[in-house]
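A structural model of the following input is requested.
(chains A and B)
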Amino acid sequence: MSKSSVHTNLKQVAKLKRVALIGNPNVGKTTVFNVLTGMRQKVGNYPGVTVEKKTGRMDGEVPIEIIDLPGSYSLSPKSLDERIAYDVLSGHLANEPRPDLVVCIVDASNLERNLYLVTQVLDLGLPVIVALNMMDAAEAAGLVIDLKLLSEKLGVPVLPMSASKNEGIGKLKYQIRRTDLTVAPERSWTLMPAVEVEIPALIQILAEEAPKVPERQRFIEVLQCLTSDTMLDYWNKWAPNFQKEVQQARLRLLSNKVPYQQAEVIGRYGWLSPLVAQVVTRKKNVGDASVSDKIDAVLTHRVFGPLFFGLILLLIFQAVFSWATPLMDLIESSVIGLGAIIRASFPAGMATDLLVDGVVSGVGNVVVFLPQILLLFFFLGLMEDTGYMARSAFIMDRLMSRVGLGGGSVVPLLSSFACAIPGIMAARTLANPKDRLITIMVAPLMSCSARLPVYTLFIAAFLPTGKVLGLITFQGLAMFSMYLLGTVMAFVASMVLKRIVFKGESSFFAMELPPYRMPRFKQIFWRMIDRSKAFVIRAGKIIFGMSIILWGLARFPVTEPSAEIALLRSSADTVFEQRVDSLASIGVPYAEASEQIGAEMASRYRRVDAAEAGFQIEHSFIGKIGHTLEPVMRPLGFDWKISAGIVSAFAAREVIISALATIYSVGDVGEDSPLLREKLKADTYPNGDPVYTPLVAVSLLVFFVLALQCMSTLAIAKRETNSWKWPAVMWLYMTGLAYLFSLIIYQGGMALGWG
Amino acid sequence: MSPIHVPQPLTSFSTGVLVQLAFFALGDPEAQRLRELGVIEGNQIHILKNGDSFVCCVESSRIALRREVAMNVFGTPVVL
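Residues are numbered from 1 along each chain as shown, chains lettered A, B, ... in the order given. Modelled structure (predicted):
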């Protein structure tokens, strides 16, 4: 690097020094980040511990920003996490310059592998500090590391640390505050000669075409492009000639049978291995069984392992579905109460209706899921933090590989039982892009918590009570079947995707099992809060907005009641007047009389109100949509009201409850409301046949298991796959499946005479 | 036992054996991933678990491999 660029670096330091933390997964990076910033992480995200970039401030005279990068084994981007790490360090992100300093957190007990990433960071030409964390573990393992020699060889400061014991943090802080740190020395390792000769020319072209790339960073950019297509694509816009030259260089290397893909690994390790051998002295055999190994002997045992995992899952589901209930009931009743208070204290009219039916119930629809989601995130956090998550992937790998997925897909799919959105985001940690895509595509088939209210309503209303073998209720069994159907279909779908769409992919699973440790509840708690906040905001916006739109669709166009209904009201009014008059004639004061009669006739007036509201709905936009769709939905056993409900539920599943409630004009409804349940049961077609039979209910339930009725899922899938193609495929195949299955069930059931 | 060993798949060694890794019969991206995890040609690893699933010990870390992957990693036993 030239003198002048060192100067500009120093100038930035004086402004706001930005320091990036990078390291392998499970090296205690998050602990170091917490200790340095002294605050909780701002952008906690879905599983993977540190998927998104997190920042914090380090106290001191000069403010210093600390950026926590996702844990990565290398900078050659394979998973999205590693891509993010490289983009931040190389300044590829828009509006974000390169950091001023990189702190590499290294596991001292596993130096060789950890230093691989360090050599990549050194090649970026930034100032670098190496923090040798877990020195205590290294000492316990009988390793002696010559720190001075290591620092000399790497050409950067090397600091010993044990972050969990708060040892060495002061020195790290001091080094981070230093303003006289120079950039890391140029690489002292070489690529295989056949590849090395290609480098200078490519660096030259890159320098000409993209002069903004710092001089010392050019080598690693060239190397990345040579081995990775995603890195090469980045230059589409910025340096098309460079891109072409790299492709030609690849062809030249290929035709000469040069294994250029492996050149980087061979070159770096060729330099590192002897270096580590020189620096590290071993006192003890490292193969001795640790405490973690002893725990693993049980928890990953071929029989006890899956058994224990099953037990854990059972516990989590039990917690999510039953412990959350009291809180959910509380939220529901407070939402209803709030609505009533608003109705009582504001004048009746359009604005109050919008406030109560649109806004309050809309927000309530979101908040009611929060207890379940908080609990799920708590348990996932617990699994992550103790190190059990990696074991669960490992245990499940064998089973998952049979259906075309890997063990890594277990956690994203499990998270999808709460909500497909965190599930899809958790798929980011999968290194194989095909596995990741398949996981994203099938995750929405896992029954999420938004389907739960729909299951509850229809199962409670239309399936018989009673017990199987005197133990399990029919209704409980039905609920379980819904979850089972979703899960089985997810497996079938991934098998089909693997066979047809991504055929010929080799199966691969290699994963580090981090040592077990005691959970850090404070950290788990805050991560749970952060993740739930993200869910509420994302999902809330959509459900809130939809509730208002739905309200509008049901309320407009305003229709005059039919003559029949008008007659109902006028006859009620006549009776009312007559009775009040007769009371008045025997000397009861008029106000008192009308109050008494009003109370006596309340239920009659409620019927009139409901009839008017029902008529209004039928002629509203949503009624029209339902009627238009009825011919298509009829073969599944759905009338116009259910069709209208399904249409509204395409925004978010649970909306069907409020939609049916609006259609049946029952105020203040939750899925357990006996009122709505009774109304549904009582509803008939003009010829007197009931609209809802158990068969219709089953058909509707299956439709809800399989159909993709969630705008948020589509939006997140678009963001994660970076195109509308996959969300479109997802929507089509899931909705197609739903239609097909409901059709088979209803028509089959009718043919068998179960209708 | 003959002094010169022909490399064998990792799944052929029993638990507790120290193995010197020789070569990988895997695709480039897969082999690369293993190297990044510290499973590198020339390195020595301990076999911790070899059965339905496979776990080995590299330095102080534990690496789990799918059996099909371990079958394609070759090495020779190290006699201490």
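
use CA for all of it now, contacts and neighbours both
OK.

Have a look at the chain and report its longest helix.
This is for chain A. Determined from DSSP state H, the single longest helix within chain A is helix A:521-555.

Hmm, no, I was thinking of chain B.
helix B:28-36.

What distance do you get for the closest residue to chain B within the stretch 651-755 of chain A to A:Ile586?
The stretch 651-755 of chain A approaches chain B most closely through A:Thr721 (20.8 Å), counting by Cα to the nearest Cα. Distance of A:Thr721 to A:Ile586, given as Cα to Cα, to the nearest Å: 78 Å.

Same drill for those two, tell me which one is more crowded.
Neighbour tally, A:Thr721 and A:Ile586, criterion other Cα atoms under 10 Å in any protein chain shown: the higher count belongs to A:Thr721, 16 against 8.

out of everything not next to it in sequence, what's closest to that one?
Nearest non-adjacent residue to A:Thr721, counting by Cα to Cα, 6 or more residues apart in numbering or on different chains: A:Leu437, 7.5 Å away.

just A:Leu253 next, same as before
Spatial nearest neighbour of A:Leu253, chain neighbours left out: A:Tyr260 (6.8 Å); criterion: Cα to Cα, 6+ apart.

Give the lowest-confidence helix or strand of the chain, using mean pLDDT as the measure.
In the absence of a named chain, this looks at chain A. Ranked by mean pLDDT, DSSP states H and E, the weakest helix or strand in chain A is helix A:3-16, scoring a mean of 50.

that's the wrong chain, I wanted chain B
Counting by mean pLDDT, DSSP H and E, chain B has its least confident helix or strand at helix B:28-36, which shows a mean of 83.

Could you give me the buried positions within that one?
Residues B:Glu30, B:Ala31, B:Gln32, B:Arg33, B:Leu34, B:Arg35, B:Glu36 are the ones in helix B:28-36 that count as buried (16 or more other Cα atoms under 10 Å in any protein chain shown).

After that helix, heading C-terminal, what element do we hit next?
Counting by DSSP states H and E, the element after helix B:28-36 in chain order, helix or strand, is strand B:44-50.

do the next helix or strand after that next one and chain A meet at all?
For strand B:44-50, the following helix or strand on the C-terminal side (DSSP H and E) is strand B:54-58. Yes - judged by Cα under 8 Å from any Cα of the partner chain, strand B:54-58 and chain A are in contact via B:Cys57, B:Val58.

if we look at strand B:54-58, which residues are touching it?
For strand B:54-58, contacts defined as Cα atoms under 8 Å, 6 or more residues apart in numbering or on different chains pick out A:110, A:287, B:11, B:38-39, B:44-49, B:62-67, B:70.

which residues sit against the helix or strand that it is followed by?
Per DSSP H and E, the first helix or strand lying C-terminal to strand B:54-58 is strand B:61-65. Contacts of strand B:61-65 with the rest of the structure, by Cα under 8 Å, 6+ apart, involve A:110, A:394, A:509-515, B:37, B:53-57.

ok, and the most crowded of these?
Compared across the contacts of strand B:61-65, A:Phe394 has the highest neighbour count, 29 neighbours, by other Cα under 10 Å.

still on that earlier bit, residues touching the residue nearest to A:Leu253, list them.
If you count contacts by Cα under 8 Å, 6+ apart, then A:Tyr260 has A:Val195, A:Leu226, A:Thr227, A:Arg250, A:Leu253, A:Leu254 around it.

Lowest-confidence member of these, which is it?
Taking pLDDT as the measure, the contacts of A:Tyr260 have their low point at A:Thr227 (84).

picking that back up, just confirm yes or no for the least confident helix or strand of chain B near chain A.
Yes - interface with chain A: helix B:28-36 contributes B:Asp28, B:Glu30, B:Gln32, B:Arg33, B:Leu34, B:Arg35, B:Glu36 (Cα under 8 Å from any Cα).

quick one: which of the residues you listed is nearest chain A?
Nearest to chain A among the residues of helix B:28-36 next to chain A, counting by Cα to the nearest Cα, is B:Glu36 at 5.8 Å.

residue contacts, the closest one?
Listed by Cα under 8 Å, 6+ apart, the contact set of B:Glu36 reads A:Tyr73, A:Ser74, A:Arg113, A:Tyr116.

Might you enumerate the residues of chain A proximal to chain B?
Contact residues, chain A versus chain B (Cα under 8 Å from any Cα): A:73-74, A:109-110, A:112-113, A:116, A:141, A:261-262, A:265, A:286-287, A:302, A:394, A:397-398, A:507-515.

quick one: the helices in the stretch 501-650 of chain A?
With DSSP state H, counting those that start in this stretch applied, the stretch 501-650 of chain A shows helices at A:521-555, A:563-585, A:590-600, A:602-618, A:621-633, A:640-649, listed in chain order.

Mind splitting chain A into its structural domains?
Under the assignment automatic domain parsing, the domains of chain A span A:3-177, A:193-257, A:304-449+A:488-533, A:558-613.

I'd like to know how many residues surround the residue in the stretch 1-150 of chain A that chain B sits nearest to.
Taking Cα to the nearest Cα, chain B has its nearest neighbour within the stretch 1-150 of chain A at A:Arg113, 4.8 Å off. By other Cα under 10 Å, the residues close to A:Arg113 number 27.

which residues does it contact?
B:Glu36, B:Leu37, B:Gly38.

mind running it again at 6 Å?
By Cα atoms under 6 Å, 6 or more residues apart in numbering or on different chains, the contact list for A:Arg113 reads B:Gly38.

ok, now A:Gly71?
Contacts of A:Gly71 by Cα under 6 Å, 6+ apart are A:Gly23, A:Asn24, A:Pro25.

pretty sure it is in a strand, no?
No - counting by DSSP: H, G, I helix; E, B strand; the rest coil, A:Gly71 is not found in a strand; it is coil.

what's the angle between the longest helix of chain B and strand B:61-65?
Put simply, helix B:28-36 runs at 160 degrees to strand B:61-65, going by axes from the mean of the first three to the mean of the last three Cα atoms, to 10 degrees.

can you pull the alpha-carbon coordinates of helix B:28-36 into CSV?
Below are the C-alpha coordinates for helix B:28-36, written out as CSV (Å, rounded to 0.1, in the frame of the first residue of the first chain):
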residue,chain,number,x,y,z
ASP,B,28,-14.4,-29.6,-5.4
PRO,B,29,-16.9,-27.6,-3.3
GLU,B,30,-17.4,-30.5,-0.9
ALA,B,31,-13.6,-31.1,-0.5
GLN,B,32,-13.1,-27.3,0.0
ARG,B,33,-15.7,-27.3,2.7
LEU,B,34,-13.9,-30.1,4.5
ARG,B,35,-10.6,-28.3,4.3
GLU,B,36,-12.2,-25.2,5.7
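
A:Leu117 is in contact with A:Ser72, isn't it?
No - applying Cα atoms under 6 Å as the test, A:Leu117 and A:Ser72 come out as separate, 8.0 Å apart.

quick one: A:Met446 and A:Phe308, what's the gap?
In terms of Cα to Cα, A:Met446 sits 22 Å off from A:Phe308.

Which one's more surrounded, the two?
Comparing A:Met446 with A:Phe308 by neighbour count (other Cα under 10 Å), the higher total belongs to A:Met446, at 29 against 16.

For the more buried one, give me its contacts.
With contact set as Cα under 6 Å, 6+ apart, A:Met446 has these partners: A:Ser416, A:Phe417, A:Gly486, A:Thr487.

Alright, calling it a day.
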